[in-house]
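Colleague: Got a predicted model here, sequence first, then my questions.
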Amino acid sequence: KAFDTLSQITSYAATQLATQYHTHTFSILIIHNRAHLIRWDREGDIVTNAFNYLHEPYLANFFYHF
């Protein structure tokens, strides 16, 4: 199931980068009370360590700045 999720979000990011003129895009993967921020570009991805978005301000800061 985890591999299916990884394949699906990779497909979404690849499709978005292929059909729109962007150098990069962001995704947020939320599983229960944990989240990962993912930055995609044409070379690959960069994934943050999981964080508890209910207790850490990272997700709110991300939305504020982007």
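Modeller: Yep, that arrived.
Colleague: contacts and neighbour counts: CA atoms only from here.
Modeller: Will do.
Colleague: So which residue is smack in the middle of this protein?
Modeller: Ser27 (2.5 Å; C-alpha atoms, centre = their mean).
Colleague: Quick check: phi and psi at that residue.
Modeller: phi -130, psi 160 (degrees, to the nearest 10).
Colleague: so what's it up against?
Modeller: 13, 37-40 (C-alpha atoms under 8 Å, 6 or more residues apart in numbering).
Colleague: Of these, which belong to strands?
Modeller: Here DSSP state E is the test, and the contacts of Ser27 give 37-40 as lying in strands.
Colleague: how about the helices in this protein?
Modeller: 2-19, 58-65 (DSSP state H).
Colleague: Just give me the closest of the ones in strands among the contacts of Ser27 to Thr48.
Modeller: Taking C-alpha to C-alpha as the measure, Thr48 lies nearest Leu37 of the ones in strands among the contacts of Ser27, at 5.5 Å.
Colleague: isn't the closest one right next to Asp45, touching?
Modeller: No. Applying C-alpha atoms under 8 Å as the test, Leu37 and Asp45 come out as separate, 10.1 Å apart.
Colleague: ok, these two, which is more surrounded?
Modeller: Comparing Leu37 with Asp45 by other C-alpha atoms under 10 Å, the one with more neighbours is Leu37, at 19 against 14.
Colleague: could I get the ones in strands among the contacts of Ser27 as TSV with distance to Tyr58 and pLDDT?
Modeller: Formatted as TSV, the ones in strands among the contacts of Ser27 follow (distance: C-alpha to C-alpha, whole Å; pLDDT from 0 to 100):
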residue	distance to Tyr58	pLDDT
Leu37	9	96
Ile38	13	96
Arg39	14	96
Trp40	18	95
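Colleague: can you list the contacts of Ser27 in CSV and add distance to Tyr21?
Modeller: Below are the contacts of Ser27 laid out as CSV (distance: C-alpha to C-alpha, whole Å):
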residue, distance to Tyr21
Ala13, 13
Leu37, 21
Ile38, 19
Arg39, 16
Trp40, 13
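Colleague: Brilliant, that's me finished.
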